[in-house]
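Peer 1: sequence and predicted model, in that order:
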Amino acid sequence: MANDSDRWWEAPGMSGETPQTGADPYSQPAIPQQPGGYPPPQYGAPQPGYGQPPYGQQPYAPQPYGQQPYAQQPYGYAPQPNPGPPRRNNGAGVIIAVVVVVALIAVVVIAAVVIGASSSDDTSAAATSTTATTVKAGPLTGATTAPATPGSKGVLVASYRVAYDVPSAWSVSAEYDTMSFTTALGSMNGRGQATEGESYCPGSAYRAMAGVTTTTESDPASAAKAVAKIAAAGGYSDPTGGKLTSPTALTTQSGVTGQFVESTGPWKPAIAGCTADSYSVYTFAFKNAADTLLVLTLLVDRNATGELTADQAKKIITSLRLV
């Protein structure tokens, strides 16, 4: 890649891109069966007590006056004074008994409705909790991460929540170091920079480098082509942007889909002493979890001893994943 006079990375002072619980067991306890009816009143026999609370009230159900939550009350008869001989209008006792039974039924129905609503709320809350747990954890920091490819080094691009792998001998730059180019064809400002072969020959800063950049393009195919041309112009002083291949669909090992492009062209370092005489730029445009269009970009010196092969470049690209 270009030397001090025409390479972005040799410029001092580059700045980084601004970059429940489960449903409560609300099952209703079985309500003891009541006698089929009240026995006819007998002389001197106790009369049915009135105002007794029903069995087994659950939490949240409306309580009869004087009822204490959760308390189980016996259902019995309160002793009454001897009423003496029966009166002709003793049908009032039957009417009151019917009213008590109807009230009991109404309380049971209301309790069932309240419990059902509470259960529905609990189910909704549980669903919300489940959804919340699927959201990825908060901000990431750092420049490296565990590699997905054995024997490799994981490069983390925390601000974009993506990562990719490079050979273990590569160097990973600090989190906010950038891979920036400003050319007549446009600009790019990459993060997650990794490099190999620094100053391997007098006229080249690196033998290979990689980074992830944003783009102003609206679709992956256009983004892959545009960034490939900018990288060729900025990294290898090729005003044409190089010879581009047609964008092709590519899916990484983790399932990220996007468009892949390669740009090639001649290049001779300004300072003698390098065997490199051409370059390759590889771009893969994709969207991250935030729906931001990004481009993983690799720049490679060609005809250089120990150069990154096309297959190795493709392995780096296919290791890209969301984190």
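Peer 2: Arrived safely. Numbering: from 1, shown residues only.

Peer 1: which parts of stretch 269-278 are buried?
Peer 2: Buried residues in stretch 269-278, counting neighbours by 16 or more other C-beta atoms under 10 Å, are found at Pro269, Cys274, Ala276, Ser278. All C-beta atoms are positioned from the backbone trio N, CA, C, and that covers glycine.

Peer 1: please name the residues that touch the third one.
Peer 2: Counting by C-beta atoms under 8 Å, 6 or more residues apart in numbering, Ala276 touches Cys201, Gly203, Ser204, Arg207, Trp267, Lys268, Pro269, Asp301, Arg302, Asn303, Ala304, Glu307.

Peer 1: mind showing which ranges of this protein have poor pLDDT?
Peer 2: Applying pLDDT under 70 to the chain flags the ranges 1-137.

Peer 1: tell me which residues in stretch 234-254 are buried?
Peer 2: Those would be Gly234, Gly235, Tyr236, Ser237, Asp238, Gly241, Gly242, Leu244, Pro247, Leu250, Thr252, for stretch 234-254 by 16+ other C-beta under 10 Å.

Peer 1: filter the residues you listed down to the ones in strands?
Peer 2: Judged by DSSP state E, strands contain the following of those: Leu244, Leu250.

Peer 1: pick the one among the buried residues of stretch 234-254 closest to Arg161.
Peer 2: Comparing the buried residues of stretch 234-254 against Arg161 with C-beta to C-beta picks out Thr252 as the nearest, at 14.7 Å.

Peer 1: ok so, going back, got a markdown table for the buried residues of stretch 269-278, with distance to Ser319 and secondary structure too?
Peer 2: Formatted as a markdown table, the buried residues of stretch 269-278 follow (distance: C-beta to C-beta, whole Å; DSSP: H, G, I helix; E, B strand; the rest coil):
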| residue | distance to Ser319 | secondary structure |
| --- | --- | --- |
| Pro269 | 29 | coil |
| Cys274 | 29 | coil |
| Ala276 | 25 | coil |
| Ser278 | 25 | strand |
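
Peer 1: closest to Trp170 out of the residues you listed?
Peer 2: With C-beta to C-beta as the yardstick, the closest approach to Trp170 among those comes from Ala276, at 18.0 Å.

Peer 1: for the closest one, give its distance to Glu196.
Peer 2: According to C-beta to C-beta, to the nearest Å, Ala276 stands 13 Å off from Glu196.

Peer 1: overlap in contacts, those two.
Peer 2: Counting by C-beta under 8 Å, 6+ apart, the common neighbours of Ala276 and Glu196 are Arg207.

Peer 1: look up how far Thr216 lies from Leu293.
Peer 2: From Leu293 to Thr216 the distance is 9 Å (C-beta to C-beta).

Peer 1: ugh, wrong one, I meant Pro202
Peer 2: 36 Å.

Peer 1: right, I'll leave it there.
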